[in-house]
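Asker: 3D, please:
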Amino acid sequence: MREGIHPSYGPVVFRDRAANHAFLTRSTMTSDKTVEWEDGNTYPVVDVEISNVSHPFYTGTARVLDTAGRVEKFEKRFGKRG
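Answerer: Next comes the predicted model:
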């Protein structure tokens, strides 16, 4: 890799505010806000709106849409083509 063109890569805490969940990982993202982690060190913290803890797909609360019923409703309303 060429020197001086890549962003710094270090430990960052990502915090899901909706689920009150945080995890420590490495990233190129930075933040002015910091948080003291369980190991006693202070890390930059990035607040996210959704993570695997609060995402409907991973929590099992995802809804399945009835696409067949929607197509029939559209054809009834506007007629079939052809």
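
Asker: For residue 26, give its distance to residue 81.
Answerer: 53 Å (Cβ to Cβ, to the nearest Å). C-beta: built from backbone N, CA, C; applies to glycine.

Asker: Same check on residue 40?
Answerer: In terms of Cβ to Cβ, residue 40 sits 67 Å off from residue 81.

Asker: Also residue 31?
Answerer: 53 Å.

Asker: ditto for residue 74
Answerer: For residue 74 relative to residue 81 (Cβ to Cβ), the value is 11 Å.

Asker: So which of these two has more stuff around it?
Answerer: residue 74 (11 against 5; other Cβ atoms under 10 Å).

Asker: mind saving the C-alpha coords of the host helix or strand of that one as PDB?
Answerer: Following DSSP states H and E, one finds residue 74 within helix 67-78. The C-alpha coordinates for helix 67-78 follow below in PDB (Å, rounded to 0.1, in the frame of the first residue of the first chain):
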ATOM      1  CA  THR A  67     -47.700  -9.800  -3.600                       C
ATOM      2  CA  ALA A  68     -50.200 -12.100  -5.300                       C
ATOM      3  CA  GLY A  69     -53.100 -10.200  -3.700                       C
ATOM      4  CA  ARG A  70     -51.600  -6.900  -4.700                       C
ATOM      5  CA  VAL A  71     -51.300  -8.000  -8.300                       C
ATOM      6  CA  GLU A  72     -54.900  -9.200  -8.400                       C
ATOM      7  CA  LYS A  73     -56.100  -6.000  -6.900                       C
ATOM      8  CA  PHE A  74     -54.300  -4.000  -9.500                       C
ATOM      9  CA  GLU A  75     -55.600  -6.100 -12.300                       C
ATOM     10  CA  LYS A  76     -59.200  -5.800 -11.000                       C
ATOM     11  CA  ARG A  77     -58.800  -2.100 -10.700                       C
ATOM     12  CA  PHE A  78     -57.100  -1.400 -14.100                       C
END
